[in-house]
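**Student:** show me how the following folds:
(chains A and B)
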Amino acid sequence: MTRRDPAPSRLAYRLQRLWLTPLFRGFLRHGVPALAIMLFFGIWLGNVQRRDALVAQFEALKSQVEHRPEFMVTMMSVDGASPALGDAIRKMVDISFPISSFDLKLKAIRARIEGLDAVAAADIRVAPGGVLQVEIRARKPVMVWRGPAGLEMVDDTGHRVATLATRDARADLPLIVGQGANKAVPEARAILAAAGPLAPRIRGLVRVGARRWDVVLDRDQKIMLPATDPVAALERVIALDQAQGLFSHDITVVDMRLPDRPTLRLSDQAFAARQKALGLKP
Amino acid sequence: MTDLYQSQRAMRNMRRAAMQRGVIAILDIGTFKIACLVLRFDGPSQLGERDGVGPMAGQSSFRVIGAATTRSRGVRFGEIDAMAETERAVRTAVQAAQKMANVRVDHVIACFSGARPRSYGLVGEHMLTDRVVTEQDVARVLAACDVPDVGRDREVLHAQPVNFALDHRSGLADPRGQSGNKLTCDMHLLTVDAMVVESLLHCINRCDLEVAGLASGAYVSGVASLVEDEQELGAACIDMGGGATGLSIFIKKHMIYADSVRLGGDHVTSDISKGLQIPLTVAERIKTRHGGVHATGMDDREMIEIGGDSGDWEKDRRQVSRTELIGIMRPRVEEILEEARARLDAAGFDHLPSQQIVLTGGGSQIPGLDGLAAKILGQRVRLGRPLRVQGLPQAATGPAFSSAVGLCLFAAHPQDEWWDFDIPADRYPARSLKRAVKWFKDNW
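**Tutor:** This next block holds a predicted model:
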C-alpha cells in the first residue's frame, strides 16, 4: 500500500495562496457576480425587440395605474370669476374630461389662465372627488382710459382689464385720457381722492405729454397741475376755491404748472369786461 | 563580507516591511518536524501593566494566529538533504498554517539547527577622536574587529556585539554619549556552512516565500527557554532535536557561544530499530510511549509488544521488556550528553559564574533525562519549556517548539547585529554619491 503524499501540489499551494489574497477574494466574491449580472442584462437588452417590449410593458403598467378612477379628473370648477370670464376660461383651457390627473399640466394651464387680462392670479389644483378647482382673482377695474385703442378699463396698476364699448357702460368709474395715462393710474387716483368738494365737477383727467395731469371740470374749466407733487397743487386750488370762490368766476384755466406762480386765464367775455372796467379798452 | 552585509540588511528591511504589514511566518526546519507559525503584529500589547505581564521579551506585541506542524522530510542533521522533499514538507506546513490563520503570508523567518555552526570571539579597538562616543565611533569600532579566516564556503549567520568597553570600564551595554579615550568591543560571530544556507534559501524561495530573516536554532531556543536571570547570569541551553543537538551559552543577555552536536533523537530511534529489528516508525512510537533512561525493577515486568508485519507468528508476537528498551536508549542519550559536555568544556563553560544548564527540544521529553543529565552535565540542570506566547495552540507549547517560539521572540525583538549599525563614513565605496555630497558640503 502506498501512502498518499500529504503535501499539496505546487498548483494547489499556489491556488490556496491566491485565494487567501484579499484583493483576489474580494474580486471573486463581489466583482464576478456583479460582472455576470451586468453581462446577462447587457446581452438580454442588446435585442431591440426585447427592449421595446420592456418599454411597452412599462408604459402599459404606468397608464394602467394612471387611469385608475382614483386619479381621474371629471370636471372643472371656476371660482371667483364673473360668468363671462368663467366661460372664457373654460373655452381657453379646453380639456376633454375625464382625464387622468397625471396628464394635467397644471403649470401650463395656470400660465394660460393668467395670460388673460382680466385675471390677476389663478390658483389651480386637483381637489378630492376628481374636480379641477380653478380659483380666480379677477382684476378690479378702477378707471376708464380713453387711449389709442379706444375705451378700456384699467385696474389700479394700470393694467388693461377689458375693452369698453361706451363710456356710459361704466359711468361710475372716473375717466382718464391721453397717452401714457394708464402708467400713472395711482397718481390719478391720488388726485381724485384729494379732489374733495371738486369731485362732483370733475369730468376726467388728461395726461399731457405723458408727464403731468390736467383736471378737466364741467363748464369748460381746467386745472393744469405740475409734473411733480400734483396733489399739493390741487389742494392749493381747492383752498383758493373755498376761500375766494375761484371757480364761480368766469375763468377757464387755473395754471399751477409753476407752483410759485399760479396763473388764471379768463374767458373771452370776462377778459373784455375786465379790460373795459380797467379802462384799458373802450 | 560586504555582500553579506547587504543581504542581511535587505533581510532586515524585509522583516520591517512584514511587521508593517502585520503578518509574518515562522518556519522551524528541523530534522524530525517542520513547524510553521503565523504571527500577527498588532501594535502595542493589549495587556496592560496591571496584569503583571508587562512587555517582557516583546511577546505581548504579537499573536500566533496560525500554527501547523508536519513530519519533516529530506532533512538530515538539521540540513536539507533532498530539496524537493523538504520543499513539499514546507509547503504542507505553510499551507496548513495559512489555512488556520486565514491569511496569506509572504515573509518568513527561518531557523535551522545544523550546518556546523562555529563561534568566534572578535575584539575591535578604536581610539576616539573627540572624547565622546558617537554612533560613528560605534560603527568604527565594529568595523575595526579583525575578522578571522572563517574558511571557504562559510557564511556569517550572527554577528552580535556583546560587550563594549571604554578605557578600563567594561560591560557597557550602550557606550554612546560616554566619554573616554579608547573604545573596545567584543563581538560574537557565528558562521555556518554556506551551502546549507543557500539550499535553505532556495527551498523557501521555491515556495513563493521571501526570507525575512535567518537564525540559528540553538540561539533561538535559548532565547525562548532560558528565563531572564539565567540569560543574565550565564546559562547554557541544550536543544535536543531530532538530527542535531544545539548548544548555546548566554551571559548578560547575549549569546556568547553556539555549537551543535550532530547527534539527536533520530539516532536513538535508529538504535532501537536496529537493536529490536523493527521499522523506524514503530521504533519511534515505542520510544515516545515507553522510552526512558532509568531502569527500575518494575520495568523488567513491563513487556512491550513490538510486533512486525512479516506474517511469521513467532516474529510478529515478539515482546521486549522496558528494561531492554532503556538499555538500548541510555548509551545513545549518554553519548549525546557527553558530546555536549565536551563542547561546553571546550567553550570554557565551567568558568562562567553561574552554570545553569537547560535542556529543551523534543529529545528532552525522555522520562528521567534530568537525572541522567545531572550526572553528566553537573547538578544545575533543569528541563526547559518555551515561554508562553499569545494564541499558541496547546499542542505547540511543549519543549519541541522552543526554537519556533524563540523565533517568534526573535522576530518581535531582534538582537542588534553588526549590520544594524551604520557603515562608517570613510568605508563607503570611492564612487559613493554620499561622499561627493560630503565633499560639496565641506568645501562650499
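**Student:** list the contacts of residue 217.
**Tutor:** This is for chain A. If you count contacts by Cβ atoms under 8 Å, 6 or more residues apart in numbering or on different chains, residue A:217 has them with A:198, A:201, A:202, A:203, A:223, A:247. Where you see a C-beta, it was placed from the backbone N, CA and C, and this is true even at glycine.
**Student:** chain B, not that one
**Tutor:** Counting by Cβ under 8 Å, 6+ apart, residue B:217 touches B:28, B:30, B:78, B:111, B:112, B:113, B:239, B:241, B:244, B:246, B:260, B:403.
**Student:** let's see that with 7 Å instead.
**Tutor:** Counting by Cβ atoms under 7 Å, 6 or more residues apart in numbering or on different chains, residue B:217 touches B:78, B:111, B:112, B:113, B:239, B:246, B:403.
**Student:** want to throw those into TSV with distance to residue B:438?
**Tutor:** Listed next are the contacts of residue B:217 as TSV, based on distance: Cβ to Cβ, whole Å:
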residue	distance to residue B:438
B:78	46
B:111	40
B:112	41
B:113	45
B:239	47
B:246	45
B:403	44
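**Student:** what's the most distant pair in those residues?
**Tutor:** The span of the contacts of residue B:217, defined through Cβ to Cβ, is set by B:112 and B:239 at 11.7 Å.
**Student:** so where does whatever residue of the stretch 101-250 of chain B ends up closest to chain A fall, helix or strand?
**Tutor:** Residue nearest to chain A within the stretch 101-250 of chain B (Cβ to the nearest Cβ): residue B:104, separated by 3.7 Å. Following DSSP states H and E, one finds residue B:104 outside all helices and strands.
**Student:** contact partners for it?
**Tutor:** Residues near residue B:104 by Cβ under 7 Å, 6+ apart: A:17, A:20, A:21, B:98.
**Student:** in chain A, which spans are helices?
**Tutor:** Along chain A, the stretches classed as helices by DSSP state H are A:10-19, A:22-26, A:32-45, A:48-66, A:83-93, A:106-114, A:185-194, A:230-244, A:268-278.
**Student:** right, I mislabeled it, should have said chain B
**Tutor:** B:2-21, B:83-101, B:135-143, B:194-205, B:217-225, B:228-233, B:265-276, B:280-290, B:297-301, B:313-316, B:322-346, B:369-377, B:402-412, B:433-443.
**Student:** nearest to residue A:69, out of those helices?
**Tutor:** helix B:83-101 (65.4 Å).
**Student:** against which helices or strands is the closest one packed?
**Tutor:** With contacts taken as 3 or more Cβ pairs under 7 Å, 6 or more residues apart in numbering or on different chains; DSSP states H and E, helix B:83-101 sits against helix A:10-19, strand B:23-29, strand B:33-41, strand B:62-71, helix B:194-205.
**Student:** out of the ones you listed, which is closest to residue B:314?
**Tutor:** Between residue B:314 and these, the shortest separation by Cβ to Cβ is 31.7 Å, and it involves strand B:62-71.
**Student:** relative to helix B:83-101, how tilted is that closest one?
**Tutor:** Calculated by axes from the mean of the first three to the mean of the last three Cα atoms, to 10 degrees, strand B:62-71 forms an angle of 140 degrees with helix B:83-101.
**Student:** and strand B:62-71, which residues are buried?
**Tutor:** The neighbour-count check on strand B:62-71 (16 or more other Cβ atoms under 10 Å in any protein chain shown) flags B:62, B:63, B:64, B:65, B:66, B:67, B:68, B:69, B:70 as buried.
**Student:** re earlier: which of the contacts of residue B:104 sit farthest apart?
**Tutor:** Every pair of these checked by Cβ to Cβ; the farthest is A:21 and B:98, at 10.9 Å.
**Student:** thinking again about what came up before, could I get the helices of chain A as TSV with distance to residue B:374?
**Tutor:** Conversion of the helices of chain A to TSV gives the following (distance: least, Cβ to Cβ, whole Å):
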stretch	distance to residue B:374
helix A:10-19	46
helix A:22-26	53
helix A:32-45	65
helix A:48-66	89
helix A:83-93	115
helix A:106-114	104
helix A:185-194	124
helix A:230-244	131
helix A:268-278	159
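**Student:** ok so, going back, out of the contacts of residue A:217, which are inside strands?
**Tutor:** Among the contacts of residue A:217, the members falling in strands are A:202, A:203, A:223 (criterion: DSSP state E).
**Student:** top of those residues by number of neighbours, please.
**Tutor:** Within these, neighbour counts (other Cβ atoms under 10 Å in any protein chain shown) peak at residue A:223, which reaches 27 neighbours.
**Student:** for chain B, see how far away the closest residue to it other than its chain neighbours is.
**Tutor:** Nearest residue to residue A:223, sequence neighbours excluded (Cβ to Cβ, 6 or more residues apart in numbering or on different chains): residue A:215, at 4.2 Å. Noted for residue A:215: a distance of 96 Å to chain B, by Cβ to the nearest Cβ, to the nearest Å.
**Student:** now the residue in the stretch 301-444 of chain B that chain A sits nearest to: closest residue in space that isn't a chain neighbour?
**Tutor:** As assessed by Cβ to the nearest Cβ, chain A sits closest to residue B:309 within the stretch 301-444 of chain B, at 11.0 Å. Once flanking residues are discounted, residue B:309 sits nearest to residue B:316: 7.4 Å by Cβ to Cβ, 6+ apart.
**Student:** spell out which parts of the stretch 101-250 of chain B neighbour chain A.
**Tutor:** The stretch 101-250 of chain B comes close to chain A at residues B:102, B:103, B:104, B:208, as judged by Cβ under 7 Å from any Cβ of the partner chain.
**Student:** are any of these buried, and if so which?
**Tutor:** Counted by 16+ other Cβ under 10 Å, those give B:103, B:104 as buried.
**Student:** in a markdown table, list the residues of the stretch 101-250 of chain B next to chain A along with pLDDT.
**Tutor:** Shown next, in a markdown table, are those (pLDDT from 0 to 100):
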| residue | pLDDT |
| --- | --- |
| B:102 | 90 |
| B:103 | 90 |
| B:104 | 90 |
| B:208 | 90 |
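**Student:** contacting residues for residue B:37?
**Tutor:** Residue B:37 makes contact with B:25, B:26, B:64, B:66, B:67, B:97, B:404, B:408 under the criterion Cβ under 7 Å, 6+ apart.
**Student:** how does chain A divide up, domain by domain?
**Tutor:** In terms of domains, chain A is parsed into A:69-138, A:143-278 (source: automatic domain parsing).
**Student:** the last one: end-to-end distance?
**Tutor:** This stretch, domain A:143-278, spans 45 Å end to end (Cα to Cα, to the nearest Å).
**Student:** try the first one
**Tutor:** The first and last residues of domain A:69-138 sit 33 Å apart, counting by Cα to Cα.
**Student:** would you mind finding the most buried of the helices of chain B?
**Tutor:** Of all the helices of chain B, helix B:217-225 has the most neighbours on average by mean count of other Cβ atoms under 10 Å in any protein chain shown, namely a mean of 30.
**Student:** just the angle between that one and strand B:23-29, please?
**Tutor:** Inter-element angle recorded for helix B:217-225 and strand B:23-29: 120 degrees (by the same axes, to 10 degrees).
**Student:** ok and helix B:217-225 relative to helix B:402-412, angle-wise?
**Tutor:** Going by the same axes, to 10 degrees, helix B:217-225 makes 80 degrees with helix B:402-412.
**Student:** export helix B:217-225 to CSV, keeping only CA atoms.
**Tutor:** Extracted in CSV, the C-alpha atoms of helix B:217-225 (Å, rounded to 0.1, in the frame of the first residue of the first chain):
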residue,chain,number,x,y,z
GLY,B,217,18.2,27.1,16.1
ALA,B,218,20.4,26.8,19.1
TYR,B,219,20.3,30.6,19.6
VAL,B,220,16.5,31.0,19.3
SER,B,221,15.7,28.0,21.5
GLY,B,222,18.0,29.6,24.1
VAL,B,223,16.0,32.8,23.8
ALA,B,224,12.8,31.0,24.3
SER,B,225,13.6,28.6,27.1
